[in-house]
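**Student:** pasting the sequence and the predicted coordinates here, then a few questions.
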Amino acid sequence: MATIMNGNVHHAESTGAHVKNGTDLNGTKLVKPLLNTVAQSDACNNVKQYVLEAIRDKQELYNMEQYAIDYAHSIGLVAPMPDQPKETFSNILAVPPPITLLPSPFPRELYEQAVDVQQQLSELYFRIASDHEFLMDSFKDVIKSDPFMARFVQIAKMVHEEGVHQPLAVQLQRSDYMIHLELSDGTLALKQVEVNIGPLGGIGSVTGVSKLHRKTLDKVAIVREGRLAMLANAYAPVDRTRQNLARSFYQTWKLFGDPKAILLFLDTPDLMYFEQRQCIQFEVEKLGKQDGLLVVVLSLPFVEASKRMSLDENGDFSLYMDGNKRVALVHITDGNAPDEFPTEREWTARTMMERSTAILSPNIRLQLSCTKKIQQVLAKPGMLERFIPNDSKLVAKLRSTFTGLWGLEEDDKATKEVIEAAIRSPRNYVLKSQMEAGLGNFFDEQIAEMLQKLSKQDRAAYILQQRINPLVVKNFMMRQMKPAQMEDVVSELGIYASLIGNQSTGQILHNSVDGHTIRSKPSKVNQGGVVFGGGTIDSALLFPAAEMLEAQI
């Protein structure tokens, strides 16, 4: 943790992602900040704008930006620069990814709330993915108008009917939330945006960004001689997402039981997942070396891998690359969107993987479980109780994070009313398809246009979600090859977790909370992804919610 104390920033390291009552998840005491030397003139009540007190003029901003860039290079917090000449290696020119200069303020109690429920949320989605009938029933209307999801459902049915050859599943998960500011009473609430399983952006970068932000906070302490009163109750969690998720990969690879079998990354060759695959690969190789094992990692685009993949249908259904490399674990970051299946060969390859003994991250059942449709179905009365039958307190905790969610497949009065409301007031809603990375999201007048032209059958492929009214804070955003800019930003908290379990028996072998990320975007921008939107990678600086509410008044 980072705290400013008597002119210096002190860090109390937390191996967990959780801070509560002065301890981390493992009970480690946190350093209590003391600011006995703070001058009264330095006090500022608006913690949402603490960055303006931390960096007061253009020269300080320039100096801090150069400091941050230099430090980012020194710790390997870099990624390939886009649009490099084709004759160069793809990673020969590297720059820091889009990041914020300092961590963004976030209510400590809401951060703790997200961490508190994560293990149970992971187990919930594991149970959903293991419930074939529930998945099939949930998608029965979606597949009538969404041919891509229809193919996924078709493969899931085929594997279920044939019999699952690999019951083990590894579930890398990121649960995303935003702070909702309730205008009627000025309260803050944690609201779920979505749940992601499998290809999680930011795995390699967030650990580095957390480290960089602790360093820039140290620099602020030096420049300000510790005289920044508003940080008296602030904590910056140490993040170890990269190491923790890599350990889950490594444990899964070992559970396969063949030390000669390879780990296969189906990887996009661009910036989006470079940092995920490379950083996880290096960590897994290091863990293997510590155990005296050599982990062979092969990384290929999905289209290329589909040409070299084969299934031993006459034997034990092992999956092979190049005819002789048995595959233990496949992490699928390429092969999740319609344009990544240009021919039937890719569909054949995905079917082979699902029928094989290879452990998939994620398998198709997990992939179906984390769609927008399942998120909407879970919001229906009684649905959480189906999977959590004897814990009303947990159900209430999870349900409190849900926004309004509506399916559009019915033609009843309630559905017509919500459609009419969305057409009248589209700014209160987001229309979402089943595509990931925000590519199928519609905002504002787009919603009214879409709802007016979609047929009843086509509507079934979408859901409506109540739009969150986010808390706005200030931060400096650093984008590649551009000077840092102070902006009004909104932040999305992501809690990383991993689960390993047997989907046939329901046994959970490993379930951990592994870290956090903040992704921040300009407050006026709808699409906030780091790759496809205007977002930046960020981390959390935790303040008591009461201080952030005082700043709101």
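**Tutor:** Received the coordinates, thanks. Residues are numbered from 1 along each chain as shown.

**Student:** buried residues in stretch 113-128, which are they?
**Tutor:** 113-115, 117-118, 121-128 (16 or more other C-beta atoms under 10 Å). To be clear about C-beta, it is placed using only N, CA and C from the backbone, and glycine gets the same treatment.

**Student:** reformat the residues you listed as a markdown table; add pLDDT, secondary structure and distance to residue 493.
**Tutor:** Converted to a markdown table, these look like this (pLDDT from 0 to 100; DSSP: H, G, I helix; E, B strand; the rest coil; distance: C-beta to C-beta, whole Å):
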| residue | pLDDT | secondary structure | distance to residue 493 |
| --- | --- | --- | --- |
| 113 | 97 | helix | 10 |
| 114 | 98 | helix | 6 |
| 115 | 97 | helix | 10 |
| 117 | 96 | coil | 13 |
| 118 | 98 | helix | 11 |
| 121 | 98 | helix | 13 |
| 122 | 98 | helix | 16 |
| 123 | 98 | helix | 20 |
| 124 | 98 | helix | 19 |
| 125 | 98 | helix | 18 |
| 126 | 98 | helix | 22 |
| 127 | 98 | helix | 24 |
| 128 | 98 | helix | 22 |
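
**Student:** quick one: low-confidence ranges for the stretch 1-150 of the chain?
**Tutor:** Applying pLDDT under 70 to the stretch 1-150 of the chain flags residues 1-45, 82-92.

**Student:** could you do the chain as well?
**Tutor:** For the chain (pLDDT under 70), the answer is 1-45, 82-92, 269-277, 436-439, 528-533, 551-553.

**Student:** residue closest to the middle of it?
**Tutor:** residue 174 (3.8 Å; C-alpha atoms, centre = their mean).

**Student:** may I have the helix or strand hosting that residue as CSV, with CA atoms only?
**Tutor:** For residue 174, the host element (DSSP states H and E) is strand 168-181. In CSV, the C-alpha atoms belonging to strand 168-181 read as follows (Å, rounded to 0.1, in the frame of the first residue of the first chain):
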residue,chain,number,x,y,z
LEU,A,168,-11.5,-29.8,-16.0
ALA,A,169,-12.0,-26.1,-16.7
VAL,A,170,-9.9,-23.0,-15.9
GLN,A,171,-11.9,-19.8,-15.5
LEU,A,172,-10.0,-16.5,-15.7
GLN,A,173,-12.5,-13.9,-14.8
ARG,A,174,-12.7,-10.1,-14.6
SER,A,175,-15.9,-8.6,-13.1
ASP,A,176,-16.4,-5.0,-14.1
TYR,A,177,-18.1,-2.3,-12.1
MET,A,178,-18.7,1.4,-12.1
ILE,A,179,-19.6,3.8,-9.3
HIS,A,180,-23.3,4.9,-9.7
LEU,A,181,-24.1,8.3,-8.4
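
**Student:** show me what counts as buried in the biggest helix by length in the chain.
**Tutor:** Longest helix of the chain, by residue count under DSSP state H: helix 203-224. For helix 203-224, burial by neighbour count (16+ other C-beta under 10 Å) applies to 203-221, 223-224.

**Student:** helices or strands next to that helix in the packing?
**Tutor:** On a contact count with 3 or more C-beta pairs under 8 Å, 6 or more residues apart in numbering; DSSP states H and E, helix 203-224 meets strand 2-5, strand 8-11, helix 58-74, strand 99-100, helix 241-256, helix 271-290, strand 508-522, strand 536-538.

**Student:** for residue 240, give me the backbone phi and psi.
**Tutor:** phi -130, psi 40 (degrees, to the nearest 10).

**Student:** right, and it touches residue 515 too?
**Tutor:** Yes - using C-beta atoms under 8 Å, residue 240 is in contact with residue 515, at 5.9 Å.

**Student:** ok, the two, which is more surrounded?
**Tutor:** The neighbour comparison of residue 240 against residue 515 (other C-beta atoms under 10 Å) goes to residue 515, with 28 against 21.

**Student:** the more buried one and residue 481, how far apart?
**Tutor:** The gap separating residue 515 from residue 481 is 28 Å, by C-beta to C-beta, to the nearest Å.

**Student:** what is the residue nearest to the centre of the chain paired to in the beta sheet?
**Tutor:** Counting by DSSP bridges, residue 174 forms beta bridges with residue 196, residue 496.

**Student:** list the residues that contact both of residue 240 and residue 515?
**Tutor:** Taking C-beta atoms under 8 Å, 6 or more residues apart in numbering as the contact rule, residue 240 and residue 515 both touch residue 207.

**Student:** can you tell me the helix or strand for the spatially closest residue to residue 306 that is not a sequence neighbour?
**Tutor:** Nearest residue to residue 306, sequence neighbours excluded (C-beta to C-beta, 6 or more residues apart in numbering): residue 349, at 3.5 Å. Residue 349 belongs to helix 344-355 when assigned by DSSP H and E.

**Student:** output the contacting helices and strands for that helix.
**Tutor:** helix 147-162, helix 302-308, strand 309-311.

**Student:** I'd like the next helix or strand past the shortest one.
**Tutor:** Which is strand 309-311. Downstream of strand 309-311 (by DSSP H and E), the next one is strand 319-321.

**Student:** show me where the stretch 451-553 of the chain has its strands.
**Tutor:** 463-466, 473-478, 485-502, 508-522, 536-538, 540-543 (DSSP state E, counting those that start in this stretch).

**Student:** of the ones you listed, flag the one that's most buried.
**Tutor:** strand 536-538 (a mean of 28; mean count of other C-beta atoms under 10 Å).

**Student:** returning to what we had before: need the contact list for the residue nearest to residue 306.
**Tutor:** 302, 305, 306, 309, 335.

**Student:** the residues you listed: which two are farthest apart?
**Tutor:** The largest separation in the contacts of residue 349, counting by C-beta to C-beta, is between 309 and 335 at 11.3 Å.

**Student:** more neighbours, those two?
**Tutor:** More crowded of residue 309 and residue 335, by other C-beta under 10 Å: residue 309, with 26 against 22.

**Student:** let me see the contact set for that one.
**Tutor:** 319, 320, 321, 349, 352, 353.

**Student:** ditto for residue 165
**Tutor:** Contacts of residue 165 (C-beta under 8 Å, 6+ apart): 316, 317, 355, 356, 357.

**Student:** let's see that with 7 Å instead.
**Tutor:** Counting by C-beta atoms under 7 Å, 6 or more residues apart in numbering, residue 165 makes contact with 317, 355, 356, 357.

**Student:** which residues does the helix or strand hosting residue 385 contact?
**Tutor:** Here residue 385 sits within helix 383-387, counting by DSSP H and E. Helix 383-387 has contacts (C-beta under 7 Å, 6+ apart) with 124, 127, 128, 377, 378, 395, 398, 399.

**Student:** recalculate using a threshold of 10 Å.
**Tutor:** Here helix 383-387 makes contact (C-beta atoms under 10 Å, 6 or more residues apart in numbering) with 123-128, 130-131, 134, 138, 374, 376-378, 380, 391-392, 394-396, 398-399, 402.

**Student:** which helix or strand lies directly C-terminal to that helix?
**Tutor:** Following helix 383-387 toward the C-terminus (DSSP H and E): helix 392-399.

**Student:** now that next one, how far from the centre of its chain.
**Tutor:** Its chain's C-alpha centre and that of helix 392-399 lie 22 Å apart, by C-alpha atoms, centre = their mean, to the nearest Å.
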